[in-house]
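>>> Build the 3D model from these lines:
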Amino acid sequence: MSGEQGGGEQGGQEGGLSERDLAVLALERRPFSGPGAKERAVRERLGMTPTRYYQLLNALLDDPRALAHDPVTVNRLRRIRDARRERR
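Prediction:
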């Protein structure tokens, strides 16, 4: 990674995370009701493609600032990611 953790523009937000980073984490805390609902929310609320969203999310999972901000969500997603990697 090129020194830009979480892809965030800084701006003095909580823990150094950008507003976009905080919005990604907030979206991950929400339950979604069906196929495509999360992707729709990503496009409508964050204005980005699902592919870009998941790239940013994956970078956030490795960012200690994200872990400090929302340890429950980050640790849950890390476990899911690690389990997927082990199955490959």
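>>> ok, residues contacting the lengthiest helix in the chain?
Determined from DSSP state H, the single longest helix within the chain is helix 71-87. Contact partners of helix 71-87, identified using C-beta atoms under 8 Å, 6 or more residues apart in numbering, comprise 25, 28-29, 57-58, 60-61, 66-67. Quick note: C-beta positions are derived from backbone N, CA and C, even for glycine.
>>> Tell me which residue lies nearest the centroid of the protein.
The centroid of the chain falls nearest to residue 57 when counting by C-alpha atoms, centre = their mean (2.9 Å).
>>> residues of the host helix or strand of that residue that come out buried?
Following DSSP states H and E, one finds residue 57 within helix 50-61. Applying a neighbour-count criterion of 16 or more other C-beta atoms under 10 Å, one finds 53, 56-57, 59-61 buried in helix 50-61.
>>> can you check stretch 80-88 too?
For stretch 80-88, a neighbour-count test (16+ other C-beta under 10 Å) marks nothing as buried.
>>> Give me the mean pLDDT for that stretch.
Average pLDDT, stretch 80-88: 91.
>>> so how far is that stretch from its chain's centroid?
17 Å (C-alpha atoms, centre = their mean, to the nearest Å).
>>> CA atoms of that stretch as PDB?
Written as PDB, here are the backbone C-alpha positions of stretch 80-88 (Å, rounded to 0.1, in the frame of the first residue of the first chain):
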ATOM      1  CA  ILE A  80     -14.900 -13.600   7.800                       C
ATOM      2  CA  ARG A  81     -12.100 -12.600   5.500                       C
ATOM      3  CA  ASP A  82      -9.600 -14.900   7.100                       C
ATOM      4  CA  ALA A  83     -12.100 -17.900   6.900                       C
ATOM      5  CA  ARG A  84     -12.600 -17.200   3.200                       C
ATOM      6  CA  ARG A  85      -8.900 -17.100   2.500                       C
ATOM      7  CA  GLU A  86      -8.400 -20.400   4.400                       C
ATOM      8  CA  ARG A  87     -11.000 -22.100   2.100                       C
ATOM      9  CA  ARG A  88      -9.100 -21.200  -1.000                       C
END
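>>> Throw the buried residues of helix 50-61 into JSON lines and include pLDDT and distance to residue 82, thanks.
What follows is the buried residues of helix 50-61, written out as JSON lines (pLDDT from 0 to 100; distance: C-beta to C-beta, whole Å):
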{"residue": "53", "pLDDT": "97", "distance to residue 82": "20"}
{"residue": "56", "pLDDT": "97", "distance to residue 82": "19"}
{"residue": "57", "pLDDT": "97", "distance to residue 82": "14"}
{"residue": "59", "pLDDT": "97", "distance to residue 82": "16"}
{"residue": "60", "pLDDT": "97", "distance to residue 82": "15"}
{"residue": "61", "pLDDT": "97", "distance to residue 82": "10"}
